[in-house]
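>>> Generate coordinates for the sequence data below:
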Amino acid sequence: WVIKEEGRVFKVVTKGKDSVAAALAYLTSSQSQNFYARVLNSLDRVCVPGMGTMAVTMMRGHYLMAYDPLFAARVSHAELLATCEHEVLHIILEHIPRSMQLHQLWAGESDQELLKITNNLAVDLAANELLAKGWRNLKDKDQPLGYWVIPEQFDKALPNDLSYEMYQKLYRLTPCSNTC
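Residues are numbered from 1 along each chain as shown. Modelled structure (predicted):
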């Protein structure tokens, strides 16, 4: 895997099978899931070996999709599709700009540290609640579709279908079991 900078855009040059490209090709051809592919295909993809997952981020005012090729190769095709959809939800729910606004509101250094700890869990809770509506086995206790942060994992289960900001507030006040 090689990352080349071409002007302001990073391009990924791959060798061999690319599971993420295969997943995007599937989503693109899907009658019901091609919305997710349209969003993801508009992003530059950056291979980040060792990150252990996938993520969307912003760089120079543009969204990027970062992924670990070993993660993409290790998980099932269904989990990879769900992960792609999860990342699109972060974009359409505007989690990154909303998170940046919340960072500006938190003045103290200790507040910023707490926000760093709780932020990713809060955005994942909000995205995964929507994701679970299309992927029913996401919350299946016997055969879950990978590992997902969901409200039921907390010692005192959090309510479903809340906004990122509400999960952020509740997470700071609610202890989590060992699975979080």
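
>>> Every contact and neighbour count from this point should use C-alpha atoms.
Will do.

>>> Can you show me the helices along the chain?
Counting by DSSP state H, the chain has helices at residues 19-29, 34-41, 69-74, 77-92, 95-105, 109-134, 164-173.

>>> Buried deepest among these, which one?
Ranked by mean neighbour count, these are led by helix 77-92 with a mean of 20 (mean count of other C-alpha atoms under 10 Å).

>>> Residues contacting that one, please?
Taking C-alpha atoms under 8 Å, 6 or more residues apart in numbering as the criterion, the residues outside helix 77-92 that touch it are 20, 23-24, 27, 36, 39-40, 54-56, 72, 96, 123, 127-128, 131, 135, 145-146.

>>> Repeat the analysis, applying 6 Å as the threshold.
36, 127, 145 (C-alpha atoms under 6 Å, 6 or more residues apart in numbering).

>>> what sits against the first one?
The one in question is Tyr36. With contacts taken as C-alpha under 6 Å, 6+ apart, Tyr36 has the following neighbours: Glu85.

>>> ok, 8 Å please
Neighbouring residues of Tyr36 by C-alpha under 8 Å, 6+ apart: 27-28, 84-85, 88.

>>> just the second one next, same as before
The contact partners of Ala127, taken as C-alpha under 8 Å, 6+ apart, are 86, 89-90, 93.

>>> quick one: stretch 143-151 to chain centroid distance?
In terms of C-alpha atoms, centre = their mean, to the nearest Å, the centre of stretch 143-151 is set 13 Å apart from its chain centre.
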